[in-house]
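Enquirer: missing the sequence, but the structure's below:
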């Protein structure tokens, strides 16, 4: 597959995520917009505002800087950057946020379809906050970000769904790639340790720890891994997205229980 084909595929998945997310937002009751999400300090309105902010910036709108008192959920420069966009839209109506997401995304999709990028390693003209991402990173991250916030909203308002489409598959497969780092670095597994993660709807992902302590993908799952984890898609996303701790969740664990607990505790892969 060429770079252009792969990058265009990301755009298609992102557009599906945008369509699903805005459709969900349109269906919410007024009181739903202030329901808290799993993201500390953010309600449903904030998730929509954050998405509107990034889509606006990527479509060419100027960056926004506002004064605000950071709460405990704003601990890094990246979190401060996203908070600017949320605070700048704190008085926006739901209709205004939905329109901003749709208008900005439509403009950007039109541009990407007219002049599709064909080099994943090249630098796009705009990235969030000017971060040094390539086209590959930018376009691969956008479906994940939008879909994760759709799921944040769904959990907040008690409307489960959206777990079977292309954005869901894209996000889970993307996050699974980080489990080698969790095994080797965060869980501190010994060299030779192996992990197989089976998420409903995705192929099992296998990882092993090298002699230098690095967790790397394995070509095939071993017959008897040190740890085997089986999770439904939502449980995996909640853990890998850093939305909730493993307490109260119910993945199926086989093998080394202590190592499994360290893996589950270190699974948060999104900032």
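Expert: Received, thanks. All of these numbers come straight from a predicted model, not from anything done at the bench. Numbers count the residues shown, from 1 in each chain.

Enquirer: when you work out contacts or count neighbours from here on, use the C-alpha atoms and nothing else.
Expert: OK.

Enquirer: which residues sit against the helix or strand harbouring residue 236?
Expert: According to DSSP states H and E, residue 236 maps onto helix 233-240. Contacts to helix 233-240, defined as CA atoms under 8 Å, 6 or more residues apart in numbering, come from residues 163, 172, 175, 199-201, 244-246, 249-251, 264, 267-270.

Enquirer: do stretch 162-178 as well
Expert: Taking CA under 8 Å, 6+ apart as the rule, stretch 162-178 contacts 13-14, 16-17, 20, 143-144, 147-148, 151, 197, 201-202, 205, 217, 233-234, 236-237, 240, 269.

Enquirer: so which of the residues you listed sit within strands?
Expert: Using DSSP state E, the members of the contacts of stretch 162-178 that fall in strands are 197, 205, 217.

Enquirer: same list (these) but as TSV, adding pLDDT and distance to residue 32.
Expert: Output for the ones in strands among the contacts of stretch 162-178, formatted as TSV (pLDDT from 0 to 100; distance: CA to CA, whole Å):
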residue	pLDDT	distance to residue 32
197	98	34
205	98	37
217	98	41
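
Enquirer: hang on, the earlier thing: of the contacts of stretch 162-178, grab the buried ones for PyMOL.
Expert: The following PyMOL line selects those of the contacts of stretch 162-178 that are buried, judged by 16 or more other CA atoms under 10 Å:
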select buried, resi 13+14+16+17+20+143+144+147+148+151+197+205+217+233+234+236+237+240+269
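
Enquirer: who's in contact with residue 135?
Expert: Counting by CA under 8 Å, 6+ apart, residue 135 has contacts 7, 117, 119, 120, 121, 122, 123, 124.

Enquirer: for the chain, what spans make up the helices?
Expert: 3-26, 44-58, 77-88, 94-114, 135-157, 166-176, 179-181, 233-240, 257-265 (DSSP state H).

Enquirer: who touches the first one?
Expert: It stands for helix 3-26. Here helix 3-26 makes contact (CA under 8 Å, 6+ apart) with 94-95, 98, 101-102, 105, 109, 112, 116-120, 135-136, 139-140, 142-144, 146-147, 150, 162, 166-167, 170.

Enquirer: assess the claim that residue 251 and residue 230 are in contact.
Expert: Yes: in this structure, residue 251 is within contact of residue 230 by CA atoms under 8 Å, at 5.7 Å.

Enquirer: tally of neighbours for residue 120?
Expert: If you count neighbours by other CA atoms under 10 Å, residue 120 ends up with 18.

Enquirer: contact partners for it?
Expert: 3, 4, 7, 134, 135, 136, 137.

Enquirer: now it: how far from residue 112?
Expert: Going from residue 120 to residue 112 by CA to CA, to the nearest Å gives 13 Å.

Enquirer: swap in residue 9?
Expert: 11 Å.

Enquirer: residue 226: which of the ones in strands among the contacts of stretch 162-178 is nearest?
Expert: Checking the ones in strands among the contacts of stretch 162-178 against residue 226 by CA to CA gives residue 197 as the nearest, at 11.3 Å.

Enquirer: tell me the bridge partners for that closest one.
Expert: Counting by DSSP bridges, residue 197 is bridged to residue 205, residue 229.
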